[in-house]
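Enquirer: Curious how this folds, go ahead:
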Amino acid sequence: MTLCTQNQYDVIIAGAGPAGSSLSIRLANAGLSVLLIEQKKFPREKLCGEFISPECLVHFEELGISPAISDARGTSLSETVFYSRSGKGVSVRSEWFGQTDSVALGLSRAEMDRLLVEQAKRAGVAVYEESSVNGLLIENASVCGVKIKDKNGNTSEIAANLTVDATGRTRSLARRLGNKAGQASPAKHVAFKTHLRGACVGRGACEIYVYSGGYGGCNRVEGGFYNLCFIASVKDTKRLESDAERVMREVVFTNQRARSAMENAVVAKPWLAVPIERFGRGELVPAEGMITVGDAAAFIDPFTGSGILLALESAKIAASAIMESFDTVFEFGAVANVYKDRYSATFDSRLRVCSMLRHAAFVPFLAETTISLLSLNERLRRKVARATRFSAGPAS
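Expert: Numbering: from 1, shown residues only. Model (predicted):
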């Protein structure tokens, strides 16, 4: 492979969410030169369930932000309770995914992402906020850098051995390739998110509500806010004129528990909304010289509470593949092959399980039946829950 000459960075990463930021920290700590590009200025709100599963705490320790996360005063979440439309619930305990007495954490993405970016800067990562990638550098059919524009409209070209798309579901870098790998199908669902005041959610609980065509979740985060994030069909969203509060009250509140928990709550922050064009795997290597991580690589169903975990795990897998190649003579093919193999071994099984559960969740009768069945057998419930987080194998 022919590399661009006079590379300015070993690795360029577009997108400073948990995948992009954590990858940049791991690579910088290994001695690589890294540029992290982010379109927004931190702190910034992000559409997310804002549920940090217990396994993420190991990553925070490795990344060096555990003390800062503790100081952020997030809410301890000891269980996730899934509610059918009739209000019947089944509980999944957080400790099933970590050590005994492990808890998940309710913390806003605005705060968590800010802490990760600050740590990236301390690690020596060059961070460009309020900058966007408006083109790719391509030489001999290989991506070898990016064209960027800052908030003042200034443009520049920056080269690198490896470019990483960590831009989330938008896959904004991969889409610039103009090939099938970067394209997406028309959206069938829309995700909405806001923060509420005064919701009546169970203490220490993340609550998940299923209803026809989608599902939503609510849990407490720092500052006394409750994060509400839900998915609705494009059909229902259009019918209700894309009015997020109407969708909440006329679609989400068809779930009895959702209505009782939030009918008197007050919307405290502006609504965010994004189309969801796909679930599951995307293209891990959309072009020579480029890989994807986080939601750009695969969008795992939010009801699993493992989206942030997938971002951190995929970044760790990518980091190990990249660092192994840079230890010798950098060869993109070696990075791509190792990354794809390890990614598939880690995620393919859980993505299949999530796909099956998603189809059940979107159909009220199937959701009711599944919740009733799982409520009868804790061992089965634990096995299914763990299958959304870990590779296939016996539950411990």
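Enquirer: and residue 73, that's in a helix?
Expert: No - under DSSP: H, G, I helix; E, B strand; the rest coil, residue 73 falls outside any helix and is assigned coil.
Enquirer: what about it, neighbour count?
Expert: 11 (other C-beta atoms under 10 Å). All C-beta spots, glycine's among them, are computed from the backbone N, C-alpha and C.
Enquirer: ditto for residue 378
Expert: Every residue meeting other C-beta under 10 Å relative to residue 378 is counted, giving 14.
Enquirer: before we move on, what about the one 3 residues further on?
Expert: Applying other C-beta under 10 Å, we find 20 residues neighbouring residue 381.
Enquirer: so where's this protein shaky on pLDDT?
Expert: Filtered on pLDDT under 70, the chain yields the residue ranges 1-7, 179-184, 391-396.
Enquirer: can you list the domains in it?
Expert: Described in terms of automatic domain parsing, the domain architecture of the chain consists of the residue ranges 9-45+108-184+279-358, 73-106+186-277+363-396.
Enquirer: biggest helix in the chain by residues?
Expert: helix 332-361 (DSSP state H).
Enquirer: list the helices and strands it packs on?
Expert: Packed against helix 332-361, as judged by 3 or more C-beta pairs under 8 Å, 6 or more residues apart in numbering; DSSP states H and E, are the following elements: strand 155-165, strand 280-281, strand 290-292, helix 307-326, helix 364-375, helix 378-387.
Enquirer: follow-up on the earlier one: so which of the domains of the chain is the most surrounded?
Expert: domain 9-45+108-184+279-358 (a mean of 21; mean count of other C-beta atoms under 10 Å).
Enquirer: Relative to the whole chain's centre, how far out is it?
Expert: In terms of C-alpha atoms, centre = their mean, to the nearest Å, the centre of domain 9-45+108-184+279-358 is set 12 Å apart from its chain centre.
Enquirer: One more: stretch 67-81?
Expert: Its chain's C-alpha centre and that of stretch 67-81 lie 17 Å apart, by C-alpha atoms, centre = their mean.
Enquirer: gap between the two ends of it?
Expert: Distance across stretch 67-81, first residue to last, is 29 Å (C-alpha to C-alpha, to the nearest Å).
Enquirer: what sits up against that stretch?
Expert: Residues outside stretch 67-81 that contact it (C-beta atoms under 8 Å, 6 or more residues apart in numbering): 51-52, 57, 60, 89-95, 103-107, 111-112, 115, 118-119, 202, 204-208, 219-223, 305.
Enquirer: what about the helices in the stretch 151-300 of the chain?
Expert: Residue ranges of the helices in the stretch 151-300 of the chain, as given by DSSP state H, counting those that start in this stretch, are 172-175, 234-239, 244-250, 256-262.
Enquirer: Go through the ones you listed and name the closest to residue 332.
Expert: helix 172-175 (15.4 Å; C-beta to C-beta).
Enquirer: what's near enough to touch the closest residue to residue 295 other than its chain neighbours?
Expert: Using C-beta to C-beta, 6 or more residues apart in numbering and skipping the chain neighbours, the partner closest in space to residue 295 is residue 168 (4.3 Å). With contacts defined as C-beta under 8 Å, 6+ apart, residue 168 is in contact with 15, 17, 294-296.
Enquirer: I figured residue 119 hits residue 66, correct?
Expert: No - the criterion here is C-beta atoms under 8 Å, and residue 119 misses it with residue 66 at 10.5 Å.
Enquirer: give me the beta-bridge partners of the residue lying closest to residue 267 once chain neighbours are set aside?
Expert: For residue 267, the nearest residue in space outside its immediate sequence neighbours is residue 194; the separation is 5.5 Å by C-beta to C-beta, 6+ apart. In this structure, residue 194 has the following beta-bridge partners (DSSP bridges): residue 228.
Enquirer: do you know how far residue 194 is from residue 252?
Expert: Distance of residue 194 to residue 252, computed by C-beta to C-beta, to the nearest Å: 12 Å.
Enquirer: Excluding sequence neighbours, find me the nearest residue to the residue most central in space within the chain.
Expert: The centroid of the chain falls nearest to residue 307 when counting by C-alpha atoms, centre = their mean (4.0 Å). Nearest-residue entry for residue 307: residue 300, 5.6 Å, with adjacent residues in sequence omitted and distances by C-beta to C-beta, 6+ apart.
Enquirer: is it true that that neighbour touches residue 306?
Expert: Yes - using C-beta under 8 Å, residue 300 makes contact with residue 306 at a distance of 5.9 Å.
Enquirer: Need the residues touching each of these two.
Expert: residue 350.
Enquirer: Next, the contact list for the residue nearest to residue 267, please.
Expert: If you count contacts by C-beta under 8 Å, 6+ apart, then residue 194 has 227-228, 244, 267-272 around it.
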